[in-house]
Structures are given as C-alpha cells and as structure tokens.
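Undergrad: Sequence first, then the predicted structure, then my questions.
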Amino acid sequence: MSTTASSTTPTSARVPAAGPPPEIGPLRKREARLAWVMLAPTMLIVALIVMLPLLANFWISVKPVELADLRPPTPVARERVRGKVAAPGDEIVLEYRLRNSSTSKAIVGVTLADTLPEGLDPSELDPRCTLEGRELACALGDWEGGHRERLRIPLVASAAYMEAEASPRDSDPRMSGTSDNVLTSLEFTFDNFVKVFDASEFGLVLRVSLYYTIFGTAGALGLGLFAALLLHQPFRGRAVLRGLLLFPYVAPVIAVAFTWVVLLDRSRGRSTRCWSAAAPSTAPSTSSASARRSSRSSASSSPSRSPSPR
C-alpha cells in the first residue's frame, strides 16, 4: 500500500506575499526625528565650512578693492615730545603726527583725545582743541584720503610735574572717526574680472590649471587603481607596502610641500646637489683655469733672457 507525500511546505519556510510595506510605528518615527535632529548641527557646520569661503571670495571679487582696502580707513596718531624739562618753567612741545591710513578713502568727524600729566599746562592751544581739567580734546574735522598733518601743543612744566616724574607719553592718544568700508558697502563692479581676462598670462595660467586638473586627476585614478590591483595579490611584504601607501594620507600637506621646496631648492636642495654631481661638467675646473692664468702672468712678468755666449 503506497502513500503519497504531502507537498505542503512548513509555515516557517513560506515566502511572504508581496504587498505594501508595513507602516512605521510611532517609536521608529521618533527615533528617525531624533537622528535628524542630532545630525543637523554637523550638516550645518560642514555646509558653512564649504560655503562661507566660496561666498566670501565671490563677494570680494565683485568689490572695487585692492589689498590696501581690506582694512577700513582709520585715523592714526604718533605722539612725540620735543624738548626736555630741567627746571620748573621750562617749555616742551607735545607733537602729534596725524595721518589717514587710507590713501583714497575719506574719514569723517576725526577727533583726538589725550590725558595730560599733572603739572603740564598748555601755553597755547590749537583753535580746534579744548582742555577740560587734564583731558585734551581736539575736533579735527574731515580728512581726505592720504591726509597728513602735525599738531603741536606747547606745554609749560611746573614744580608738580617735576615731583611727579611723569611724561606726556604715559597716556596714549585716542583717535576716532567714521568711514565707509568698501567690503560692507553696496558698491559692486566687474573690473576685477576684466583685469583677469585681459592679463597677458591668463592663457598660460588657464592651460596649466586645465593640465593639472585633467592629468593630475587621471594620473591619480590610474596609479591608484594599478596600486590597488597590485597590492590585492598576496606576496611577501604586502602589509608593509600597504602601510607606506597610506603615508600620504597621514602626512600634513603643508609639511610635504615644505619638504619638496627644500629638496628642490636651487642653491641648497639635496636633489639639486645630487643632480649636479651626477651630471657631467662641461666647464673647466677652477683650479686648472687659475693655474693657466698664473702661468700666463708669470711668463709675461719675467724679463727676457739674452742668449748665453758660446
């Protein structure tokens, strides 16, 4: 009597029927939101690190600025004391050398303030200056670009100044003024791009950049693929070579660049010395040349000898 085997498969081995994915539960939704919230600061920091330098470069490129315009114009004062006090009643001159740090931008409402030491009284004040107690204040008006001047204030010393042993230079002058910063203004221009495209070396720089980008990238990919396939095969010393190939990733770029600069230096570079030592020398040696010069000079300076009589 024969029995027929059942063709039914176990329940654990059944393939689930195709259909829409199961709905995400509230716990998984909460975990996903928490993951995005924790990842958002990192993504924002990376985006700012990448985008801010690009935006800053583009902003500066469309501004009418040069290297000297990167700093806003400021009034600058240098204080000097002319004369020496030897006794009460002596007069010295307090001199301020004033200038505008910018040669093209103006500064509006320039003021100077300083504190005079006790016992020094001005015998004459500039019409633009006032003295309240020991505080000197000067309203110097508006300065054009490249403005320079000297402000002199004669001072008479008294016995109190001699006893205090102070100096007018103990207090630094304080300058203030307002000016337009070209980096924050709304003035834009494309003159910088015109200068770049009209430059004589623009074509050469562009070709070098394209060559470096194309051949550097292709060479890096080709050599990297060749090294990867080569080191994939088992051989003795493979681990050591793999470690050496990882060295460029660990070494700082600045240190590697400085090393190449030292090696390729024309006067002191090690590679230059090795190349000059290996290359054949076509110029005559210094010792032989100096010997020939000395022999010529001795021959020209020695007197001619008369033939000896037979």
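TA: Looks like it came in fine.

Undergrad: Would you map the helices across this protein?
TA: Along the chain, the segments classed as helices by DSSP state H run 26-61, 159-164, 191-198, 202-232, 238-245, 247-250, 253-263, 270-278, 286-301.

Undergrad: residues near Gly133, how many?
TA: 7 (other CB atoms under 10 Å). Quick note: C-beta positions are derived from backbone N, CA and C, even for glycine.

Undergrad: typo on my end, it should be Ala160
TA: Other residues near Ala160 number 14, with proximity taken as other CB under 10 Å.

Undergrad: my read: it touches Gly119, true?
TA: Yes: with contact defined as CB atoms under 8 Å, Ala160 reaches Gly119; the gap is 3.6 Å.

Undergrad: Pull out the buried residues from stretch 85-99.
TA: Neighbour-count burial for stretch 85-99, counted by 16 or more other CB atoms under 10 Å, picks out 85, 92, 94-96, 98-99.

Undergrad: Save those residues as CSV, and put in pLDDT and distance to Leu136 too.
TA: Output for the buried residues of stretch 85-99, formatted as CSV (pLDDT from 0 to 100; distance: CB to CB, whole Å):
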residue, pLDDT, distance to Leu136
Val85, 85, 18
Ile92, 90, 15
Leu94, 91, 9
Glu95, 93, 13
Tyr96, 94, 10
Leu98, 95, 14
Arg99, 93, 19
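
Undergrad: Restricted to strands, list the residues you listed.
TA: Of these, the ones assigned to strands by DSSP state E are 92, 94-96, 98-99.

Undergrad: coming back round to it: so which of the helices of the chain has the densest surroundings on average?
TA: Most buried of the helices of the chain, by mean neighbour count (mean count of other CB atoms under 10 Å): helix 159-164, with a mean of 15.

Undergrad: Rounded mean pLDDT for that helix, please.
TA: Helix 159-164 carries an average pLDDT of 83.

Undergrad: Show me the contact partners of that helix.
TA: 85, 87-88, 117-120 (CB atoms under 8 Å, 6 or more residues apart in numbering).

Undergrad: Now with 10 Å, please.
TA: In this structure, residues lying in contact with helix 159-164 by CB atoms under 10 Å, 6 or more residues apart in numbering are 85-90, 92, 116-121, 155, 158, 166-168, 170.

Undergrad: mind checking how far the residue lying closest to Gly141 once chain neighbours are set aside is from Ala77?
TA: Spatial nearest neighbour of Gly141, excluding adjacent residues (CB to CB, 6 or more residues apart in numbering): Val110 at 6.5 Å. Taking CB to CB, to the nearest Å as the measure, Val110 falls 10 Å from Ala77.

Undergrad: So for those two, which residue has more residues nearby?
TA: Set side by side, Val110 and Ala77 show more neighbours around Val110, with 23 against 18, by other CB under 10 Å.

Undergrad: thought the more buried one was touching Tyr96?
TA: No: contact status for Val110 versus Tyr96: not in contact, 11.7 Å apart, counting by CB atoms under 10 Å.

Undergrad: got any residues that touch both of those two?
TA: Shared contacts of Val110 and Tyr96, defined by CB under 10 Å, 6+ apart, are found at 77, 138, 140, 175.

Undergrad: would you turn those into TSV with distance to Arg148?
TA: Listed next are these as TSV, based on distance: CB to CB, whole Å:
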residue	distance to Arg148
Ala77	11
Cys138	16
Leu140	12
Met175	14
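
Undergrad: shared neighbours of Ala160 and Gly119, anything?
TA: Shared contacts of Ala160 and Gly119 (CB under 10 Å, 6+ apart): 88, 166.

Undergrad: Next, the contact list for Asp142, please.
TA: 106-110, 177-179.

Undergrad: count of residues packed around Met175?
TA: If you count neighbours by other CB under 10 Å, Met175 ends up with 19.

Undergrad: what sits against it?
TA: 74-77, 96, 98, 107, 110-114, 138, 140.

Undergrad: Closest one of the residues you listed to Val205?
TA: Among those, Thr74 lies closest to Val205 (CB to CB), at 35.2 Å.

Undergrad: The closest one against Arg174, yeah?
TA: No: under the criterion of CB under 10 Å, Thr74 makes no contact with Arg174, lying 12.0 Å away.
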